[in-house]
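Novice: Next come a sequence and a model predicted from it.
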Amino acid sequence: MQKLRSIILVTLDCVRSEALSCYPEKFTWYQTFPVRAKTPDIAQIAQDGVTFTQAICQAPFTPASHASILTGLNPYNHGIRAMIGYKLSDCARTLAEELKEHGYRTAAFVGSHALKSEYGLNRGFDVYDESFENRAKNWILGYRRPAWESTDRALAWLNQHKQDNFFLFLHYFDAHDAVGANLNHDGSEKAFLRRGEIAQVSKAFLRPIYERSRKPLLPIRRLWESIANRKVYGRRFHLSKVRELDAQIARILKFLSEEGLYGETLIVIMADHGDSFGERGEFNHREYLYDTTLRIPLIIKGLRNLSGKILPQLVRSIDVYPTVLEMLGVQQRSGEDHPVDGVSLVRLMKGYPQGDLDAYSETRHEVSACDLRNWRSHLVSLRTGEWKLIINRLNGLKELYDLKRDPGEYENVWVEHQDIARQLEEELQGMLDDADMQQESQMSHEELGIIEERLRGFGYL
């Protein structure tokens, strides 16, 4: 294996694989015209590395999914179970903590307060930069910052530590949603249909039709999706922002090349979760567990002789942690005390047989922004390469989808395939039994207040 000295982990918050030009699937032309996926620098990393086309996240919201990436644990083991009130368990060990013990310089530059240090994800970082100095009027009160600002700070840090073994974590939030696009340059609101209004009409109109018909209703769906496909909130905005993120990644690559560090730096490009643009009646994410929000892009550059390799096998966010350690040649010192749920993907990338992986995911959605302690839904899912089972733990409702025949997850075949459903449910129930025994990590009253204020600031609540 090529000797890798350092690692850069970049998470593109809320980004769909359709927005990256190196992925085969694309949004249809009428959904995005005239904007197309154009990410040449991410494509260059993919050409020099391995692209996974079936990577699944463990939670469709930022803090929990990042916790799975940075600890290799499912949410019931790392402790962050919802957007509000939970933080990283004391039993979880972060990638930064592990690498810091092995002499790495560690730094994180996060793009929004969705990764505020109150969640506990700052553990192990020498620098955890969450000070938002840019107060541009089209960015809500500094609760997020544009990618160029994070990149400026990251490059300054890299220049100081380019002689060291380093772990740099960059979190870009720009493509998360189009709240910023709702404002004119003077800060006044544009007279466009806003995300909240779209969601309200969707819940009142589109979702009941789906539930009653159990059919795709393609003409209605396409018409309705076009409502969201505006400059304010939709696929065009998504593609435009991802193209801007690619330009920031180009700056990082330019630095590495000029300093002779590119060949010895492990680079991981991925999303924490996807996003929905009206599919299945969902706008944004976090409410359901369909592949529009669970399937993510994942690109890993670092192994020799694997340039441009594309792997269709199912992998998970929790697999990044052990993969990084193996690729860096770092022996996890705390393996017995802090076992991880993920497995290394190195053998898979090298072409050796690897057992089938099943992906667990979960989400909880509060009743309203005024009632954050009660759940409107509490969903868990288990996904294989061919099937997905979703269970609502509040009412026991179950959904089973044949992903090979129905990749859009429109037809619930739970009744028709009881044997498969039973098998997946038994496996999922085994996980949930273990989860129910875990002590969930609660935020203090002060931490909770800080998080609520920040999340309201950029529209999560």
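Specialist: Perfect, I can see it now.

Novice: now the helix ranked longest in the chain: how far from the chain's centre is it?
Specialist: Across the chain, the longest stretch assigned as helix under DSSP state H is helix 235-258. Its chain's C-alpha centre and that of helix 235-258 lie 17 Å apart, by C-alpha atoms, centre = their mean, to the nearest Å.

Novice: And it, what does it pack against?
Specialist: strand 6-12, helix 29-32, helix 40-47, helix 147-161, strand 166-172 (3 or more C-beta pairs under 8 Å, 6 or more residues apart in numbering; DSSP states H and E). C-beta: built from backbone N, CA, C; applies to glycine.

Novice: mind running it again at 10 Å?
Specialist: Here helix 235-258 touches strand 6-12, helix 29-32, helix 40-47, helix 147-161, strand 166-172, helix 218-228, strand 265-270, strand 276-277, going by 3 or more C-beta pairs under 10 Å, 6 or more residues apart in numbering; DSSP states H and E.

Novice: buried set for the longest one?
Specialist: Yep, that's helix 147-161 we're talking about. Neighbour counts over helix 147-161 (16 or more other C-beta atoms under 10 Å) mark 147-151, 153-155, 157-158, 161 as buried.

Novice: how about the residues you listed in TSV, adding distance to P322?
Specialist: Converted to TSV, the buried residues of helix 147-161 look like this (distance: C-beta to C-beta, whole Å):
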residue	distance to P322
A147	28
W148	33
E149	32
S150	27
T151	28
R153	29
A154	25
L155	29
W157	26
L158	25
H161	25
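
Novice: Just the closest of the residues you listed to P407, please.
Specialist: Nearest to P407 among these is A147, at 30.9 Å by C-beta to C-beta.

Novice: hang on, that closest one packs against H176?
Specialist: No: in this structure A147 lies outside contact range of H176 using C-beta atoms under 10 Å: 11.2 Å.

Novice: any common contacting residues for these two?
Specialist: 12, 111, 241 (C-beta atoms under 10 Å, 6 or more residues apart in numbering).

Novice: of all the helices and strands packed on helix 235-258, which lies closest to M349?
Specialist: With C-beta to C-beta as the criterion, M349 lies closest to strand 265-270 of those, at 12.1 Å.

Novice: could you check the angle strand 6-12 makes with the closest one?
Specialist: 10 degrees (axes from the mean of the first three to the mean of the last three C-alpha atoms, to 10 degrees).

Novice: Kindly export strand 265-270 (C-alpha atoms) in PDB.
Specialist: Output of strand 265-270 as PDB, limited to C-alpha atoms (Å, rounded to 0.1, in the frame of the first residue of the first chain):
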ATOM      1  CA  THR A 265      -2.600  12.600   1.300                       C
ATOM      2  CA  LEU A 266      -5.700  10.400   1.700                       C
ATOM      3  CA  ILE A 267      -8.700  12.400   0.500                       C
ATOM      4  CA  VAL A 268     -12.300  11.400   1.300                       C
ATOM      5  CA  ILE A 269     -15.200  13.400  -0.300                       C
ATOM      6  CA  MET A 270     -18.700  12.500   0.800                       C
END
